[in-house]
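Participant: Provided below are the primary sequence and the corresponding predicted coordinates.
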Amino acid sequence: MDELIAISSMEHAELAEFVAGIRAHTGVPVRLSRWSTSELIERVLQGTAGEWDLLLGTAATALLDPALASHLRVLDALDCSVLPSQAVATDRRWFSPSGFVPAFCYDPTVLAAQGLASPLSWEALCTPAWSQRIALPDPGRSGAGYLHLSALLEQYGDGAWELLAHVAQLRPSISGSSTAPIDAVLEGRAWVGVSVSTAATRAAAQHPSLHWCVPADARRYEFEVFGCSAASLKTVEAIQALGWMLSPDAAAISRRYGKVVVGGVSSDTLATADLTALHALDAGNAKAARCARWHTMFDTRPGP
């Protein structure tokens, strides 16, 4: 049977819903490979991703690399008129109907037992009480980690490094994904997990004691980008699938998973957070230098 092959950095649960929606819309099944942002980009650039038709969501800061964008087809046949101009590549190789949002995850009951209030900003974490109780994603491996780092740098400028130096002194646990910090909170190894709203929303639905918020000093969102492989032999079906990602049904899934709906209505939680789009071009160009400085500060080495 013919099928579309998709690659993505989305969370597994939301991916399952999007894939089901695409199949219902196009009548074509979707076979999926899901990797972290950094691994997806590395595989595409090195040619180890295998054959694929759809890029079904990854971070815009990664996709702005011209070497990566060259693997995408110009989407002249796709109607993106519902999106603002900044959510569509000038060469029309990608578009963004949704956005990632930074999140802190925590259990207020556990915090209250320790005499701590819910952390509503990164600045609130800069006290000894949080020593060895913060779980972070590595910005070099996790799109969630780099979103937080970039949002802080936009908020504070170089002052963000001083704030992060305080956090580094608290010896946080560091992982390579957006879900591991939440797992650390659920397992009692951390009191706050640094993540994104997609992972946080799903975890809170499964564990009612878990709460999440958008840090007050990281109120940015990053475009989540979609596209079609320049080498795909199923362009018609791929364009149909990408067109469905601009539908109200797809927007409803994004909203349910705590994403910004670009050009549409986001959830009440995000609407009140007064979010602005991350300067993805600046963040993308500065990623290597920023991550190197972060790794030095947190005494870690970039890893797979």
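Facilitator: Ah, there it is. Numbering: from 1, shown residues only.
Participant: remind me which residues of the stretch 1-150 of the chain are low pLDDT?
Facilitator: Residues of the stretch 1-150 of the chain meeting the criterion pLDDT under 70: 1.
Participant: Okay, strands next: where are they in it?
Facilitator: For the stretch 1-150 of the chain, the strands defined by DSSP state E, counting those that start in this stretch occupy 4-8, 30-34, 54-59, 95-100, 102-106, 134-137.
Participant: Reformat those strands as a markdown table; add mean neighbour count and distance to Val82.
Facilitator: Placement of C-beta: from N, CA and C, glycine included. Supplementary listing: the strands of the stretch 1-150 of the chain in a markdown table, determined by neighbours: other CB atoms under 10 Å; distance: least, CB to CB, whole Å:
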| stretch | mean neighbour count | distance to Val82 |
| --- | --- | --- |
| strand 4-8 | 23 | 22 |
| strand 30-34 | 16 | 23 |
| strand 54-59 | 27 | 17 |
| strand 95-100 | 26 | 8 |
| strand 102-106 | 27 | 25 |
| strand 134-137 | 26 | 31 |
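Participant: ok, now how distant is Pro102 from Val185?
Facilitator: Going from Pro102 to Val185 by CB to CB, to the nearest Å gives 16 Å.
Participant: Find the residue closest to Gln240 in space, skipping its chain neighbours.
Facilitator: Nearest non-adjacent residue to Gln240, counting by CB to CB, 6 or more residues apart in numbering: Thr26, 4.7 Å away.
Participant: Thr61 now?
Facilitator: The spatial neighbour of Thr61 that comes closest, neighbours along the chain excluded (CB to CB, 6+ apart), is Gly284 at 4.1 Å.
Participant: Same question for Ser70.
Facilitator: With sequence-adjacent residues excluded and distances taken as CB to CB, 6+ apart, Ser70 is closest to Ala230, at 7.3 Å.
Participant: Report the contact partners of the one you found.
Facilitator: With contact taken as CB atoms under 8 Å, 6 or more residues apart in numbering, Ala230 is in contact with 70-73.
Participant: swap the cut-off to 6 Å and go again
Facilitator: Applying CB atoms under 6 Å, 6 or more residues apart in numbering to Ala230 gives the contacts 71-73.
Participant: Much appreciated, bye for now.
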